[in-house]
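Q: Quick one, what's the 3D model for this:
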Amino acid sequence: MQAEAPRLLSGRRPPPGAYDADIIILCLGRLAQTKAAIASALAQQGGRFHVSVLDQGSGPQMLHELGLSFGKAPHFALYGASANRGVAAGRNILASLGHGRVLVGLDNDARFADAAVVAGAVRRFETAPELGAIGFCILAADGQGPDLTSWGYPKAMLARYRARFESTRFVGAGHAIRRAAWESVGGYDESFFFAWEEYDFCLAAIARGWRVFYEGRLAVIHAPAPEARCHWQGARMTHFVRNRLIIGRKWRQSWLGLAPRILGYGLIAARHGCFGAAWEGFKQAWAAPIPAPRKMPGPMRHYLKMNETRHRGALFTRLRLELLSRLPA
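A: Coordinates of the predicted model:
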């Protein structure tokens, strides 16, 4: 995993000694939301934490505002990258800049629901040595219920959004990863840019014996800014289809085995006017080199069956929910 060495713009790098967690935030625009995310991260209590923010292309005014607001905080660093390298590479860069025992990811359009979320995640890892990653509860902007646009788990589990259950994934808006699990996998696949990078990471972790849990008692409040997102008619759909098919190829799924997923994505994308972007994703997945496809070991197949397949229903139903839960209304 090669990471760009970004410029330190304000604040200070993590301390040389041991500490509990690195809280990492990527940003590109969204000044007000980013300030709220950073403020909630710096307000976390109950442990030794360091907050690292990587800007991937905001203008100088935003960088000035962030430095002015937080540059003197004792456990804060603002870095600047030369270009937007995407979510996967950006998080890899931030992870490489610290050495906390836990990595806590927070989107810059989210904020922690209370001051004890990170400490709660650290405690959870301490009590479960086999736990590799945690997905937080993602609440809607009003904090009164789940953010349905960010529910990446089986629909059957939605009623348990404030509970705990074992999973095969987490949602990137708010999550935590044990650094030992991170290092055993090697971080995110940077070719993904964005979409499915968390699921890809979780599969690799599960194959290595780590477990993944959703923790509904640990929450973030999510207020997405639609104008800053990729459009489904373009890059968003292309990345979505490309990356999901590449995941199948990584685990030795043949093109014949992937055919129902390709057909399902194509039909749903055509219905929503973005077939061209989906087709581009298919072409990129076809051309992508897969250096060493792996066969799923038996314990991994059992884990996926118990914590994913049995909750999701028939294939076309799963595909429909995958896309329609993310498509704009």
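Q: Mind jotting down where the helices sit in the stretch 151-300 of the chain?
A: Remark: helices assigned in the stretch 151-300 of the chain by DSSP state H, counting those that start in this stretch are 179-185, 197-207, 235-250, 255-271, 275-287, 298-304.
Q: can you list contacts of the third one?
A: Contacting residues not belonging to helix 235-250 are listed as 191-197, 199-200, 203, 229-230, 257-258, 261-262, 265, 269, 274, 277-278, 280-282, 284-285, 288, 290, 293-294, 322-323, 326 [Cβ atoms under 8 Å, 6 or more residues apart in numbering]. For the C-beta atoms, the positions are set from N, CA and C on the backbone; glycine is no exception.
Q: Report the buried members of the residues you listed.
A: Buried subset of the contacts of helix 235-250 (neighbour count, 16 or more other Cβ atoms under 10 Å): 191-197, 199-200, 203, 230, 258, 261-262, 265, 269, 274, 277-278, 280-282, 284-285, 322-323, 326.
Q: Could you list the buried residues of stretch 148-156?
A: Those would be T149, S150, W151, G152, Y153, P154, for stretch 148-156 by 16+ other Cβ under 10 Å.
Q: Repeat that for stretch 82-90.
A: Going by neighbour count (16+ other Cβ under 10 Å), the buried part of stretch 82-90 is R85, G86, V87, A88, A89, G90.
Q: Sketch out the low-pLDDT regions of this protein for me.
A: 1-4, 225-233, 313-329 (pLDDT under 70).
Q: what about the longest strand in it?
A: strand 211-222 (DSSP state E).
Q: and it, how far out from the chain's middle?
A: Distance, stretch centre to chain centre, for strand 211-222: 12 Å (Cα atoms, centre = their mean, to the nearest Å).
Q: Next: stretch 239-252.
A: On Cα atoms, centre = their mean, the centre of stretch 239-252 falls 16 Å from the chain's centre.
Q: what are the ranges of the strands in the chain?
A: Going by DSSP E, the chain shows strands at 7-11, 21-27, 49-55, 76-80, 102-106, 110-112, 131-139, 164-167, 174-178, 211-222.
Q: Contacts made by the second one with the rest, please.
A: Surrounding strand 21-27, the residues in contact under the criterion Cβ under 8 Å, 6+ apart are 14, 34, 37-38, 41, 44, 47-56, 58, 62, 66, 87, 90-91, 94-95, 97-108, 118, 121-122, 176.
Q: Now, of those residues, which are buried?
A: 14, 34, 37-38, 41, 44, 47, 49-56, 58, 62, 66, 87, 90-91, 94-95, 97-98, 100-108, 118, 121-122, 176.
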